[in-house]
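Student: Sequence first, then the predicted structure, then my questions.
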Protein chains: 2
Amino acid sequence: MVIQIIGVGHIGGSLAITLKENGFAKKIIGSDLDTDALDQALRRRIIDAAMPWEAGLEAADLCVLSVPVDAILHLLPKVLDKTDKQVVLDVGSTKGNILNLVDKHSKRGRFVATHPMAGTEYSGVEAAIPKLFDDKYTVLCEGERSDPDAREIVEALYASIPMKMVALDRKAHDLHTAYVSHISHISSFALALTVLEKEKDEERIFELASSGFGSTVRLAKSSPDMWIPIFRQNRDHLLDVLDEHINTLATFRTLLIKQKFDEFHQLIKEANRIRKILD
Amino acid sequence: MVIQIIGVGHIGGSLAITLKENGFAKKIIGSDLDTDALDQALRRRIIDAAMPWEAGLEAADLCVLSVPVDAILHLLPKVLDKTDKQVVLDVGSTKGNILNLVDKHSKRGRFVATHPMAGTEYSGVEAAIPKLFDDKYTVLCEGERSDPDAREIVEALYASIPMKMVALDRKAHDLHTAYVSHISHISSFALALTVLEKEKDEERIFELASSGFGSTVRLAKSSPDMWIPIFRQNRDHLLDVLDEHINTLATFRTLLIKQKFDEFHQLIKEANRIRKILD
C-alpha cells in the first residue's frame, strides 16, 4: 500500500517508520510545507518520496493527516475534495470540530477519524522514533460513519503496529482526552512557569530537581504550536476540568492554612487510588 | 564502619544496600518499629542485624535517621541524648523545624543534617533498590554547625555513593525544595483527585491515559505517611508556591475564557524554557 503522510513530524514521522518497518506500507510519500523537515525525512529514509500534498494524494492509497489540529481543519475539506477511492485518516488530538466540519461532505465516507494515544514532549521529524505506538490505544471516532472498506483498512493499519482500539463518539473523545491528556499538559505548563518565575537561580533548580520534579514538568517541554490549537478546539471541556483542578488545589490550600492535616491525609489516600489504574 | 539505619524503608533500605555494596559500611544494623519491615530487610540481607534503636546506636559508628520528618522531630533529641562519639545523620525532606529543635542541644556537633534529592513514588522496604542515589545531589545543611570530623565522615559517605553535594542553610533548603519537590507532589495529588473525581469509569482512564498522563500523576502514588508531615513542616513556603501555582492556572483559565490564544502561546513558550534546565 502507498501511504501519504501529510505532516512529517513527531507523530507522522514515527508512524511512517513503523508502517514501513512492519511492511504495511510499500511506499511512503511525505508532504509538508516545511521543506527542511521533508529533506531530513528523506535523508533519514523515513519517507521514500517528497511531494506537494495534491500530487502525493493522487499517488497514494491512504492519506494520513498528521498536522496540528488547526491545520487539519484547514486541510481536511480540501483533501476530501480531491479524494477518489483513497482512504483519508487523521490522527488529531481533538475530534468534535474536525468531525463537525465534514459531516455533510460528499466524501465523508472515505474519512476515518482516529486518535492514537501516544506521543512524547518532543516534536518535529527529528523526534520521529520507532515503537512509539506499540501496544498503546487508538481511539476510532464514529467509525460507523466511514465506508466499511475505509474503516477496515484503518483497523488493519493500527492492528499491524500493533495498537489496541477503542470506539468513542466525538463528544466522549473530547471529554475523556481533556481529563487524561489535555489537563496534564495545562498542569505541567503551569508548574514549569510557577517554578521558573519563583526560582530565578536556574542552576539551583538543576541541582535540586529530583526525578519527581522532572517527571511532573516533563510535558512542559511540549510545543505550543501543537498544543494551543488543541486547547482552542477543546476549550469547553478543558475549562470544566481546569475549574475542578483549581478547586482541588484551593481545597489543599485551605487545609494547609487551617492545618487540617487529617483531612489532607485522607485526600492523599484517595489520590493514591491512581495506583490501581496506572500500575 | 558500623552503620545504624533507623527506619528501614525506601530511603533507608536503599542507602543500606548502597553503602554495603560499595564497602563504606562493614555492618548495617537496622532499627524500625515495624517488625515486618525488619524481618524482610533481614531476609533480603539489606541489614545484617535488627536491634532496638538504643542498642543499635551503642553498637554503631554512625546512625542514619530515615523516618518520616515528624518522627525525626520525635526521635532526634532522644538519639542525640544517647550519642557519645557517634555521628548522627538525618535524610529528611525538611530542615527548618529539625534544626531549630536541636540548635541548643549539647550534642549538636555530632549531628549532620542532609537531604539526598532522590526517591521514587514507592515506599517501604520492598521498594529498597540499588543505585537510587547514584550521581544525584545531596543538600548538606549548615554543615559548619557540625563537628569537623562528623561532617567529614558524612561527606565521605555521600562521596562513596557517589553523590554530589550542595550547601544550603535551613531557610534556603526549605524554600528551594518547596519549589522543586513539594509543589510537584501537591500538583500530582490534585491532578489525580481531579481526574478520579471526574472519570468515574476507571477502565476508560486506563485505556486512554497516555504516557504523558502517567508521568504527570506518577507522584500521586506517594505515601501520605511520608508527605503529610513534610507539608505540615514546610507549610509556609509551600503556601507561597501553591498560591503562585493557583494564580498561574487562573491566568490560563482567563486566557481560555477570553480566547486570548496568542498570549497563551507566549506563556507556553516561556514554560518551554524548562527544557534548558531539565534536558
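Tutor: Okay, I see it. Numbers count the residues shown, from 1 in each chain, chains lettered A, B, ... in the order given.
Student: list the contacts for residue A:261?
Tutor: Contacts for residue A:261 (C-beta atoms under 8 Å, 6 or more residues apart in numbering or on different chains) come out as A:255, B:228, B:231-232. Yep, even glycine has a C-beta here, placed from its N, CA and C like the rest.
Student: mind listing which of these are in strands?
Tutor: Using DSSP state E, no member of the contacts of residue A:261 falls within strands.
Student: Quick one: the helices in chain A, in order.
Tutor: Counting by DSSP state H, one finds helices in chain A at the ranges A:10-21, A:35-43, A:53-59, A:69-81, A:96-102, A:148-160, A:170-177, A:183-198, A:202-208, A:211-217, A:224-233, A:235-257, A:261-271, A:274-278.
Student: Buried residues, the fourth one. List them.
Tutor: Buried residues in helix A:69-81, counting neighbours by 16 or more other C-beta atoms under 10 Å in any protein chain shown, are found at A:69-73, A:75-76, A:79-80.
Student: so how far is that helix from its chain's centroid?
Tutor: How far helix A:69-81 lies from its chain's middle: 17 Å, per C-alpha atoms, centre = their mean, to the nearest Å.
Student: Give me the residue at the spatial middle of chain A.
Tutor: residue A:93 (4.4 Å; C-alpha atoms, centre = their mean).
Student: and the residue found closest to that residue once you drop the neighbours it is linked to in the chain, what is it in contact with?
Tutor: Among residues not flanking residue A:93 along the chain, residue A:230 sits closest, at 4.9 Å (C-beta to C-beta, 6 or more residues apart in numbering or on different chains). By C-beta under 8 Å, 6+ apart, the contact list for residue A:230 reads A:68-69, A:93-94, A:182.
Student: Turn those into JSON lines, columns for pLDDT.
Tutor: Below are those laid out as JSON lines (pLDDT from 0 to 100):
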{"residue": "A:68", "pLDDT": "97"}
{"residue": "A:69", "pLDDT": "97"}
{"residue": "A:93", "pLDDT": "96"}
{"residue": "A:94", "pLDDT": "97"}
{"residue": "A:182", "pLDDT": "95"}
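Student: would you turn the helices of chain A into CSV with distance to residue B:249?
Tutor: Shown next, in CSV, are the helices of chain A (distance: least, C-beta to C-beta, whole Å):
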stretch, distance to residue B:249
helix A:10-21, 26
helix A:35-43, 33
helix A:53-59, 39
helix A:69-81, 23
helix A:96-102, 24
helix A:148-160, 35
helix A:170-177, 19
helix A:183-198, 5
helix A:202-208, 20
helix A:211-217, 14
helix A:224-233, 13
helix A:235-257, 5
helix A:261-271, 18
helix A:274-278, 20
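Student: picking that back up, so what's the residue nearest to residue A:93 scoring on pLDDT?
Tutor: Predicted confidence (pLDDT) at residue A:230: the value is 97.
Student: Ok, residue A:279 next?
Tutor: So residue A:279 comes in at 67 (pLDDT).
Student: from memory residue A:63 sits against residue A:2, does it?
Tutor: No: the criterion here is C-beta atoms under 8 Å, and residue A:63 misses it with residue A:2 at 9.8 Å.
Student: more neighbours, these two?
Tutor: residue A:63 (27 against 17; other C-beta atoms under 10 Å in any protein chain shown).
Student: beta partners for the more buried one?
Tutor: When bridges are called by DSSP bridges, residue A:63 pairs up with residue A:4, residue A:88.
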